[in-house]
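# Pasting the sequence and the predicted model now:
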Number of protein chains: 2
Amino acid sequence: MVQKPAPDSTRRSEKSRRAIYDAALALVGEVGYTKTTIEGIAARAGVGKQTIYRWWPSKAEVLLEAFLDLSEQFAEAAAPEEQAEYGIPDTGDLAADLKNVLRLTVDELLDPRFEAPSRALTAEGVVNEQFGAQVIARLLEPQLQLYVRRLEAAQETGEVRPDIDPRIALELFVAPLAQRWIQRTGPITYAYTDTLVDYALGGLAPR
Amino acid sequence: MVQKPAPDSTRRSEKSRRAIYDAALALVGEVGYTKTTIEGIAARAGVGKQTIYRWWPSKAEVLLEAFLDLSEQFAEAAAPEEQAEYGIPDTGDLAADLKNVLRLTVDELLDPRFEAPSRALTAEGVVNEQFGAQVIARLLEPQLQLYVRRLEAAQETGEVRPDIDPRIALELFVAPLAQRWIQRTGPITYAYTDTLVDYALGGLAPR
């Protein structure tokens, strides 16, 4: 990807920001959310802690933005920029589109760079309600809304029943994958997520 | 429920065991898994720590058994003994049976006695793989196997397609409820779990 040239000060800031994100994600993965501090992030990133406080009001903000940035890197690596920006592709074949995006999610969940910080943030969100609400509002729910829009489009073309609530419907294939990842209740494979999509669209009862 | 009379020594042990379970669940809910210690549990329960070590090899074992015991209390309070023992009732109406058992789960998840210790154990299981594996093997998977058996029975009567894998199928209605509870991604109500069952059995696509 071709980068536009940036003025020196912007390049310096961008380099510090990247170092701070990397340090924050590495630390939270290694020692957990509670033991990660602004001082520790600053020391590891090789910046003064005032540099961090100038940009972010709290540890939670740094970590959330570092993680958002990591997710964006995955999305950009996996798909053209337009797709990452505008959501789940609509080829007119709902099952195929859902299977494709869930396969990308499988790749992300199994990537070692993602695993440790993501587990640490998820665990903190389970016990710390305020932090959990931020994780959901800024990381998870925006992704779920992409499924809502794709299911609404499928309702217009008749691939999904009109009486279905898309916000609940998406949980039939998103939540099982999330639970297998969060609680390690079973293997995560493309065959598994493909099956979830087939079961959710077709239903368990005979047709 | 009528209890059989117990000899004095059994009654004393039972009373200590109950005090230890209560102390363990209270502590883990208040200070988290990491800061809960055998010493702390013993002090709060009013027993010597050797009493705890005589019965359980580690903190993890105490907590898992305390939580198993709590779950059994919920099951016994909610349903006749036979039902709690033998699994999900089979009235011949799969949708009704699944909705009923999920409504009982909703009651349990929203009960304050359950909430704090359960969140603490779940959070620890997310970051501590070994402990998480025990939570799954001893608490969660045995419950999921009850759904497997009920779905297999439904395959025999033709209510579920024969090519469906019951272990994956159950996740379509169990995992969404679990994720809403673990990550607080949405409200947990009877109407919600009823809807999950209807969507999973009927499918999202038109019939």
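Sure thing, it's come through. Residues are numbered from 1 along each chain as shown, chains lettered A, B, ... in the order given.
# Next, A:Ile164: phi, psi?
phi -80, psi 140 (degrees, to the nearest 10).
# Ok, A:Leu204 next?
Phi and psi for A:Leu204, reported as degrees, to the nearest 10, are phi -90, psi -20.
# For burial, what's the neighbour tally of A:Leu201?
19 (other CB atoms under 10 Å in any protein chain shown). Glycine gets a C-beta too; all of them are placed from N, C-alpha and C.
# host element of it?
Per DSSP states H and E: A:Leu201 is located in helix A:190-202.
# List the buried residues of that helix.
Within helix A:190-202, the residues that count as buried by 16 or more other CB atoms under 10 Å in any protein chain shown are A:192-202.
# cool, stretch A:49-68 as well?
A:51-52, A:56, A:59-60, A:62-67.
# between the buried residues of helix A:190-202, which is nearest A:Leu139?
A:Leu139 has its nearest neighbour among the buried residues of helix A:190-202 in A:Thr193, at 19.6 Å by CB to CB.
# wait, does stretch A:127-147 make contact with chain B?
Yes. Part of stretch A:127-147 sits near chain B under the criterion CB under 8 Å from any CB of the partner chain, namely A:127, A:129, A:132-133, A:135-136, A:140-141, A:144.
# meant to ask about stretch A:197-206
Yes. Contact of stretch A:197-206 with chain B (CB under 8 Å from any CB) involves A:199-206.
# if we can go back for a sec, list only buried entries from the residues of stretch A:127-147 next to chain B.
Among those, the ones that count as buried by 16+ other CB under 10 Å are A:127, A:132, A:135-136, A:140, A:144.
# so of these, which ones are in helices?
A:127, A:132, A:135, A:144 (DSSP state H).
# so A:Thr91 is in which element?
Using DSSP H and E, A:Thr91 falls outside every helix and strand.
# Least confident secondary structure element in chain A?
The weakest-scoring helix or strand in chain A, judged by mean pLDDT, DSSP states H and E, is helix A:81-86 (a mean of 52).
# Could you list the low-pLDDT ranges of chain A?
Scanning chain A for pLDDT under 70 picks out the ranges A:1-12, A:79-86.
# Look at A:Ala75 and say how many residues are nearby.
That count, for A:Ala75 with other CB under 10 Å as the rule, works out to 16.
# Chain B versus that one, what's the distance?
To chain B, A:Ala75 is 20 Å away according to CB to the nearest CB, to the nearest Å.
# and the helix or strand hosting that residue, what does it pack onto?
Per DSSP H and E: A:Ala75 is located in helix A:59-78. Counting contacts by 3 or more CB pairs under 8 Å, 6 or more residues apart in numbering or on different chains; DSSP states H and E, helix A:59-78 packs against helix A:8-35, helix A:38-45, helix A:81-86, helix A:94-109, helix A:112-127, helix A:129-135.
# How far away from the center of its chain is the second one?
Put simply, helix A:38-45 sits 24 Å off its chain's centre (CA atoms, centre = their mean, to the nearest Å).
# ok and that helix relative to helix A:8-35, angle-wise?
Using axes from the mean of the first three to the mean of the last three CA atoms, to 10 degrees, the direction of helix A:38-45 lies 130 degrees away from that of helix A:8-35.
# Then the fifth one?
Here helix A:112-127 points in a direction 50 degrees away from that of helix A:8-35 (the same axes, to 10 degrees).
# same question, the fourth one
Using the same axes, to 10 degrees, the direction of helix A:94-109 lies 80 degrees away from that of helix A:8-35.
# Check what contacts helix A:94-109 and list those residues.
Identification of contacts with helix A:94-109 by CB atoms under 8 Å, 6 or more residues apart in numbering or on different chains yields A:71, A:74, A:78-79, A:88-91, A:114-115, A:118, A:146-147, A:150-151, A:154, A:159-160, A:173, A:177, A:181, A:188-190, A:193-194, A:196-198, A:201.
# Please determine how far the residue of chain A at minimum distance from chain B is located from A:Val197.
Proximity of chain A to chain B (CB to the nearest CB) peaks at A:Gly203, 2.5 Å away. A:Gly203 is 12 Å from A:Val197, where distance means CB to CB, to the nearest Å.
# repeat for A:Arg207
From A:Arg207 across to A:Val197, the span is 16 Å (CB to CB).
# before we move on, what about A:Ala169?
Taking CB to CB, one finds A:Ala169 at 12 Å from A:Val197.
# Equivalent analysis for A:Glu124, please.
Using CB to CB, A:Glu124 is found at 31 Å from A:Val197.
# so A:Ala153, which of the three states?
Classification of A:Ala153 using DSSP: H, G, I helix; E, B strand; the rest coil returns helix.
# tell me which element the nearest residue to A:Ala200 once chain neighbours are set aside is part of?
Spatial nearest neighbour of A:Ala200, excluding adjacent residues (CB to CB, 6 or more residues apart in numbering or on different chains): A:Leu172 at 4.0 Å. Per DSSP H and E: A:Leu172 is located in helix A:171-183.
# by contact count, what packs against that helix?
Helix A:171-183 is packed against helix A:94-109, helix A:190-202, helix B:112-127, helix B:171-183, helix B:190-202, with contacts defined by 3+ CB pairs under 8 Å, 6+ apart.
# B:Ile41: which of those is closest?
Minimum separation from B:Ile41 across those (CB to CB) falls at helix B:112-127, 12.2 Å.
# how much does that closest one deviate in direction from helix A:171-183?
If you take the same axes, to 10 degrees, helix B:112-127 sits at 70 degrees to helix A:171-183.
# Is any residue of helix B:112-127 near chain A?
Yes. On the criterion CB under 8 Å from any CB, helix B:112-127 is in touch with chain A at B:119-120, B:122-127.
# Does A:Lys59 touch A:Lys35 like I think?
No. The pair A:Lys59 / A:Lys35 is not scored as a contact, 10.7 Å apart, by CB atoms under 8 Å.
# Tell me the secondary structure at A:Thr185.
The three-state assignment at A:Thr185 reads coil, by three-state DSSP.
# ok, now which ones touch it?
A:179, B:136, B:140-141, B:144.
# how about a cut-off of 7 Å?
A:179, B:136, B:140 (CB atoms under 7 Å, 6 or more residues apart in numbering or on different chains).
# cool, A:Gly158 as well?
For A:Gly158, the contacting residues are B:Pro206, by CB under 7 Å, 6+ apart.
# Pull the contacting residues for A:Ser58.
Contacts of A:Ser58 (CB under 7 Å, 6+ apart): none.
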